[in-house]
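Undergrad: structure of the sequence below:
(2 chains)
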2 protein chains.
Amino acid sequence: MPLIAKPQTMHFAEALALASGAVLRAYDLTYETYGTLNADKSNAVLVCHALNASHHVAGSYEGQPKSQGWWDNMIGPGKSVDTNRFFVIGINNPGSCFGSTGPRDVNPETGKPYGASFPVCTVEDWVNAQALLLERLGITQLAAVMGGSLGGMQALSWTLQYPDRVRHAVVVASAPNLTAENIAFNEVARRAIVTDPEFHGGDYYEHGVVPRRGLRIARMIGHITYLSDDVMNAKFGRELRAAVAGVAREDYRYSTQEIEFQIEGYLRHQGDKFSEYFDANTYLLITRALDYFDPARAHGGNLTEALAAARAKFLLVSFTTDWRFAPRRSRETVHALLENRRDVSYAEIDAPHGHDAFLLDDARYMSVVRSYFDGIAEALA
Amino acid sequence: MPLIAKPQTMHFAEALALASGAVLRAYDLTYETYGTLNADKSNAVLVCHALNASHHVAGSYEGQPKSQGWWDNMIGPGKSVDTNRFFVIGINNPGSCFGSTGPRDVNPETGKPYGASFPVCTVEDWVNAQALLLERLGITQLAAVMGGSLGGMQALSWTLQYPDRVRHAVVVASAPNLTAENIAFNEVARRAIVTDPEFHGGDYYEHGVVPRRGLRIARMIGHITYLSDDVMNAKFGRELRAAVAGVAREDYRYSTQEIEFQIEGYLRHQGDKFSEYFDANTYLLITRALDYFDPARAHGGNLTEALAAARAKFLLVSFTTDWRFAPRRSRETVHALLENRRDVSYAEIDAPHGHDAFLLDDARYMSVVRSYFDGIAEALA
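TA: This next block holds a predicted model:
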């Protein structure tokens, strides 16, 4: 029987104080849950999302069989994170464009969409919002918090902000902060959006337009960094795009603007699709949250000191060809946790897919996560 | 005594047939020479330029001491390529915006700037144009042809198109073709330019504007790929940009559009500078020439077969942290040449600077090139 997902929304009337000093006044959080919360509310698993995902983690919507959640291969009945045993919560962060209050929504103080005035949120702010939702659900301690990429940063931050409320943290394809190169790619993407004439300083909603050009470029850049050079060569190589579907083309067109290579067509398609559904202000906000995350910062750059607050047990996973969040970045976290004598499992999965691997089916990856959650489930029983 | 450079221009009234089937009618080539051509014209070294460089390879212009050529650390009196012994020629390729006929110039057939109608040129086309200039100079055989990156592709192509006219080829930080990832980065840069509303289909000259937004983005992307992650971390890391020069800043501004990190300020500055002087149509043309270069293509992808035509001796150099043209790409060329029993020297320089290393001073790199040219000079004497 397929897992049917159903988004819910919870309203928060009390202002959320943000790291920046700003506050988010009344706001909604959208979330989904899968499985059943047990009697002592000890089997809850919170899943945190990355840049372009949402609360829709698993299952599909009634009558929409293709609407699978972004981690549906990982989470569901009988899957690595088994919803027959765990009560899994997917939550959408403030600032998103998928349900929780974000820049597209009306600012009650002005009666207009927030636009660029939506307050900048950090990973820590999101974790605080998630904690409030869990309180409302009566969950005082998570069996586990998990996430990949930016989601992994939230999982790590949970163990520092609320050390007593998390028994396990599963941090996949993540890093304790961004490198200069990571920030650089984010910045180019942001500049592409902000300098699009249809951005209108972030108030494009009022102009009835969308900075689609900028979003396309941002997504194309992002997409290149999600894939490995290897997988791009294997999938596209230097193949020319067929003039007619199914018919190989041998000759160059000798054009600077037409699509010559398959990789170009693929990237343009990704950019086009993305620009149809993703909000530009959300893109700016989420990339900034990525840039800002740096728990070691308050400790003079000493990650070991920063992670001393954590009490959870950890599983970290990285992928060999991920150059956006390379294995060595996960190892930094592992080492800092070990120096604090924390209980850490670490798997470095040899996968060709680059950063995207964290979203893909890979038998070893899935089985590492399954074993880890089996252990958590046994302790529950 | 500093080397004084002086650009010269040669006019070609006869049309240049291009790989695309198009022709470039009358055109100019701009070039510079350093040193003295010997009596039997056997000491000529041709230097080919990469994406954003020109014929101005060495020396500086009269009264402009800061106008050093882009390879001035390598080429000059007493330097690795010693202009006391060699007659060095720097040449600007057709399609450029630095002197030779390009998209900014008036198309004699229409009386308007070529703009987007400037014919697409390939590496092979450029080599043909360079060969015509050398014929005019009475040079029937080059002591060496050399270049880095795209310039290295031209050097390699010389050995295939004119095997009897080149004794040595020095191919630095280059590749026998681009990978899918390389093409992908070029494509994003091109899309940023082409979708800039001020591109006007390439005819922005007539509108009195420049697609500066697109050029900025293109340059920022390029710049990230020229540097290594290591050197970016060493140079910028996660340092915040000082509010006032020289005063460190500790606190985030919590802004999506202001500059937070030094790397952002650096990239924006690079983008701004570039957009002031570089022609957008030239950017499209040159990145396409990069995409198209693939001598193995006519041989079913067999590089060994493709390089069988070469008669020259080779020096190849790569840099360990260059991820744009990684050492393994140079090794492909080395192996294919060795399989043809060609005379090949290869140096893999351990340098932290990424692709940019080919332009920088590095004692080992400079000495490898010096030794190689010493050998060429001895054979001349």
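Undergrad: low-confidence ranges, the stretch 151-300 of chain A, go.
TA: Of all residues in the stretch 151-300 of chain A, those with pLDDT under 70 make up the ranges A:243-248.
Undergrad: all strands in it, in order from the N-terminus.
TA: A:168-172 (DSSP state E, counting those that start in this stretch).
Undergrad: count of neighbours near whichever residue of the stretch 1-150 of chain A sits closest to chain B?
TA: Here the stretch 1-150 of chain A gets closest to chain B at one residue, A:Ser20, 3.5 Å apart by CB to the nearest CB. Any C-beta I mention is one placed from the backbone N, CA and C, and that applies to glycine too. One way to gauge burial is a neighbour count; for A:Ser20, by other CB atoms under 10 Å in any protein chain shown, it gives 17.
Undergrad: residue contacts, it?
TA: By CB atoms under 8 Å, 6 or more residues apart in numbering or on different chains, the residues touching A:Ser20 are A:Pro119, A:Val120, A:Thr122, B:Tyr252, B:Tyr254.
Undergrad: helix, strand or coil for it?
TA: Recorded secondary structure, A:Ser20: coil (DSSP: H, G, I helix; E, B strand; the rest coil).
Undergrad: check what pLDDT it gets.
TA: Per-residue confidence (pLDDT) for A:Ser20: 97.
Undergrad: that one and A:Thr333, how far apart?
TA: 25 Å (CB to CB, to the nearest Å).
Undergrad: between strand A:168-172 and the helix or strand containing A:Val47, find me the angle.
TA: Assigning secondary structure by DSSP states H and E places A:Val47 in strand A:44-48. With axes from the mean of the first three to the mean of the last three CA atoms, to 10 degrees as the criterion, the two stretches strand A:44-48 and strand A:168-172 enclose an angle of 30 degrees.
Undergrad: list the contacts of the longest helix that chain A contains.
TA: Among the elements of chain A assigned as helix by DSSP state H, the one spanning the most residues is helix A:363-380. Contacts of helix A:363-380 from elsewhere in the structure, counted by CB under 8 Å, 6+ apart, are A:38, A:42-43, A:45, A:73-74, A:79-82, A:85-86, A:143-144, A:167-168, A:170, A:315, A:317, A:319, A:345, A:347, A:349-351, A:357-358.
Undergrad: what's the strand holding A:Val47 packed up against?
TA: Judged by 3 or more CB pairs under 8 Å, 6 or more residues apart in numbering or on different chains; DSSP states H and E, strand A:44-48 is in contact with strand A:87-91, helix A:123-136, strand A:144-148, helix A:150-161.
Undergrad: which outside residues touch it?
TA: With CB under 8 Å, 6+ apart as the contact definition, strand A:44-48 has outside contacts at A:37, A:57, A:71, A:75, A:81, A:86-91, A:93, A:126, A:130, A:134, A:137, A:139, A:142-147, A:150-152, A:154-155, A:158, A:373.
Undergrad: sorry, back to before: narrow the contacts of helix A:363-380 to just the buried residues.
TA: A residue is treated as buried here by neighbour count (16 or more other CB atoms under 10 Å in any protein chain shown); on that basis the buried members of the contacts of helix A:363-380 are A:42-43, A:45, A:73-74, A:79-82, A:85-86, A:143-144, A:167-168, A:170, A:315, A:317, A:319, A:345, A:347, A:349, A:351, A:357-358.
Undergrad: returning to what we had before: what is the nearest of the contacts of A:Ser20 to A:Ala192?
TA: Within the contacts of A:Ser20, proximity to A:Ala192 (CB to CB) peaks at A:Val120, which comes in at 19.1 Å.
Undergrad: tell me who's in contact with the closest one.
TA: When the contact criterion is CB under 8 Å, 6+ apart, the partners of A:Val120 are A:Leu18, A:Ser20, A:Ala22, A:Leu285, A:Arg288, A:Ala289, B:Tyr254, B:Ser255, B:Thr256.
Undergrad: can you verify it is assigned to a strand?
TA: No: secondary structure of A:Val120 (three-state DSSP): coil, not part of a strand.
Undergrad: now it. Nearest residue, chain neighbours left out?
TA: B:Tyr254 (4.3 Å; CB to CB, 6 or more residues apart in numbering or on different chains).
Undergrad: burial count for that neighbour?
TA: Using other CB under 10 Å as the criterion, B:Tyr254 is surrounded by 18 other residues.
Undergrad: thought it was touching A:Ala19?
TA: Yes: between B:Tyr254 and A:Ala19 a contact is recorded at 7.2 Å, counting by CB atoms under 8 Å.
Undergrad: now do the shared contacts for those two.
TA: Common neighbours of B:Tyr254 and A:Ala19, counting by CB under 8 Å, 6+ apart, are A:Tyr292.
Undergrad: up against chain B, what does the stretch 51-200 of chain A have?
TA: A:116, A:119-120, A:177-181, A:183-185, A:187-188, A:190-192, A:194-197 (CB under 8 Å from any CB of the partner chain).
Undergrad: re the thing from before, so can I have CSV of the helices and strands packed on strand A:44-48 showing distance to B:Glu339?
TA: Putting the helices and strands packed on strand A:44-48 into CSV (distance: least, CB to CB, whole Å) gives the following:
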stretch, distance to B:Glu339
strand A:87-91, 55
helix A:123-136, 52
strand A:144-148, 43
helix A:150-161, 45
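Undergrad: for A:Val166, see how far away the most centrally placed residue in chain A is.
TA: Nearest to the centroid of the C-alpha atoms of chain A, with distances taken as CA atoms, centre = their mean, sits A:Ala50, at 0.7 Å. If you measure A:Ala50 against A:Val166 using CB to CB, the figure is 19 Å.
Undergrad: just the helices from the stretch 151-300 of chain A, written as ranges.
TA: With DSSP state H, counting those that start in this stretch, the ranges of helices along the stretch 151-300 of chain A come out as A:180-194, A:204-207, A:212-226, A:229-235, A:262-277, A:280-292.
Undergrad: pull the CA atoms of the third one into PDB?
TA: This means helix A:212-226. In PDB, the C-alpha atoms belonging to helix A:212-226 read as follows (Å, rounded to 0.1, in the frame of the first residue of the first chain):
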ATOM      1  CA  ARG A 212      13.300  34.000 -14.300                       C
ATOM      2  CA  ARG A 213      16.600  34.700 -16.100                       C
ATOM      3  CA  GLY A 214      18.400  35.000 -12.900                       C
ATOM      4  CA  LEU A 215      16.800  31.900 -11.400                       C
ATOM      5  CA  ARG A 216      17.700  29.900 -14.500                       C
ATOM      6  CA  ILE A 217      21.400  30.900 -14.200                       C
ATOM      7  CA  ALA A 218      21.300  30.200 -10.500                       C
ATOM      8  CA  ARG A 219      19.900  26.700 -11.000                       C
ATOM      9  CA  MET A 220      22.300  25.900 -13.800                       C
ATOM     10  CA  ILE A 221      25.300  26.800 -11.600                       C
ATOM     11  CA  GLY A 222      23.800  24.900  -8.700                       C
ATOM     12  CA  HIS A 223      23.200  21.900 -10.900                       C
ATOM     13  CA  ILE A 224      26.800  21.700 -12.100                       C
ATOM     14  CA  THR A 225      28.000  21.700  -8.500                       C
ATOM     15  CA  TYR A 226      25.600  18.900  -7.500                       C
END
